[in-house]
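[1] can't give you the sequence, but here's the structure:
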Ligand SMILES: [Zn+2]
């Protein structure tokens, strides 16, 4: 497990104070798209189940499942939720006018409970593994994880950095052959610098004429041949994945600046493409803008100060 559910305090027994795990459950279910009908903020009657609606839309009709949500936070003892922890499920459903039973558990459901639930028309269990995979799966989930699991989520983020939110649109660096975005985690590619052939023989240092972005393998081979036909050959290639390592990114940026310093060392095309390369990989080596910084940038852009 990546998220440590023990970061959520144990239930407050009999104090009437809202339990953090129930507040977490409310936020988690809202994230998934359930409508909260009855939240955990009720009187101290001991019964603190949540009620949520799920609207299921068909082509010509829709219907609602009203779920009775049972929150069980046993992460501190680590024990699974057994059948004896969930008594009279049928009665509870009837009492609250619900037609589905949902368990949100910070541990696992024991086999005895699964057997008990088989008889229910609608049931679903969100155990700790399922909850974690939903939370880590998208940016909204990250916000909730950050609030309820500050320590373990921070550890996770250090090892799994996500591109910083800097631009309004997602950064793209597309393969010049097939158009795939090379910045996607599933796509791997390189940028390749090109020069004209045969200039060194005449004592001229070859300048960078062009740059292409390509997926590794087939796309790269096709583009290599295409540019060779125009008399342009590789000076070198760097993997985009490697460029997104902050140290390497900075080294390559400095090399780029040094090249410009040597006068006329790059064609306009190569210069523009290199700028594009650094702009679009920047979110991968930078941090998120804070809200205050976003506002500041908007103001600066508005008055054309930048
Ligand atoms: Zn490609």
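    In hand now; what should we look at? Since the structure is predicted, the reported quantities are computational estimates derived from the model, not experimental observations.
[2] Could you tell me which helix of the protein is the longest one?
    Secondary structure of the chain per DSSP state H: the longest helix is helix 246-261.
[3] Enumerate the positions of it that are buried.
    Residues 249, 252-253, 256, 259 are the ones in helix 246-261 that count as buried (16 or more other C-beta atoms under 10 Å). Glycine gets a C-beta too; all of them are placed from N, C-alpha and C.
[4] what does stretch 233-247 give?
    For stretch 233-247, by 16+ other C-beta under 10 Å, it's 233, 237, 240-241, 243-244.
[5] Of those, which belong to strands?
    Judged by DSSP state E, the subset of the buried residues of stretch 233-247 located in strands is 233, 237.
[6] Which member of the buried residues of stretch 233-247 is positioned nearest the ion?
    Of all the buried residues of stretch 233-247, the ion sits closest to residue 240, with 11.6 Å by C-beta to the ion.
[7] Excluding chain neighbours, give the residue nearest to that closest one in space.
    In space, and not counting its chain neighbours, residue 240 is closest to residue 182: 4.8 Å by C-beta to C-beta, 6 or more residues apart in numbering.
[8] Which residue ranges of this protein form strands?
    Taking DSSP E as the criterion, the chain carries its strands at 35-38, 50-57, 62-72, 100-105, 123-126, 189-196, 208-215, 232-239.
[9] The longest one pairs with which strands, parallel or anti?
    Just to be clear, that refers to strand 62-72. Next to strand 62-72 in the sheet, as set by DSSP bridges, lie strand 50-57 (antiparallel), strand 100-105 (parallel).
[10] Of those strands, give the one that comes closest to residue 212.
    Proximity to residue 212 (C-beta to C-beta) singles out strand 50-57 among the strands paired with strand 62-72, at 45.9 Å.
[11] What's the mean pLDDT across that closest one?
    In this model, strand 50-57 has an average pLDDT of 94.
[12] Which residues does it contact?
    22, 25-26, 29, 33-40, 62-69, 71, 96, 98, 100, 102 (C-beta atoms under 8 Å, 6 or more residues apart in numbering).
[13] Mind listing what's buried along that strand?
    By 16+ other C-beta under 10 Å, the buried positions in strand 50-57 come out as 50-52, 54.
[14] can those residues go into CSV with extra columns for distance to the ion?
    Putting the buried residues of strand 50-57 into CSV (distance: C-beta to the ion, whole Å) gives the following:
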residue, distance to the ion
50, 48
51, 50
52, 44
54, 41
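[15] and residue 155, what does it touch?
    Listed by C-beta under 8 Å, 6+ apart, the contact set of residue 155 reads residue 2.
[16] Adjust the sequence numbering to begin at 39 for everything that follows.
    All right, first residue 39 from here; so that's residue 193.
[17] Just give me how far stretch 129-138 sits from the chain centre.
    How far stretch 129-138 lies from its chain's middle: 36 Å, per C-alpha atoms, centre = their mean, to the nearest Å.
[18] Quick one: name the residues of the stretch 189-338 of the chain near the ion.
    Counting by C-beta under 5 Å from the ion, the stretch 189-338 of the chain comes close to the ion at 213, 215-216, 218, 253, 257.
[19] For the buried residues of stretch 271-285, give me TSV that also has pLDDT.
    TSV is the format used below for the buried residues of stretch 271-285 (pLDDT from 0 to 100):
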residue	pLDDT
271	92
275	91
278	94
279	91
281	92
282	91
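[20] now, among the buried residues of stretch 271-285, which is nearest to residue 200?
    The closest of the buried residues of stretch 271-285 to residue 200 turns out to be residue 282 (C-beta to C-beta; 11.6 Å).
[21] so that closest one touches residue 321, yeah?
    No. Using C-beta atoms under 8 Å, residue 282 is not in contact with residue 321, being 9.2 Å away.
[22] Next one: the residue nearest to residue 278 relative to residue 253, how far apart?
    For residue 220, the distance to residue 253 equals 7 Å [C-beta to C-beta, to the nearest Å].
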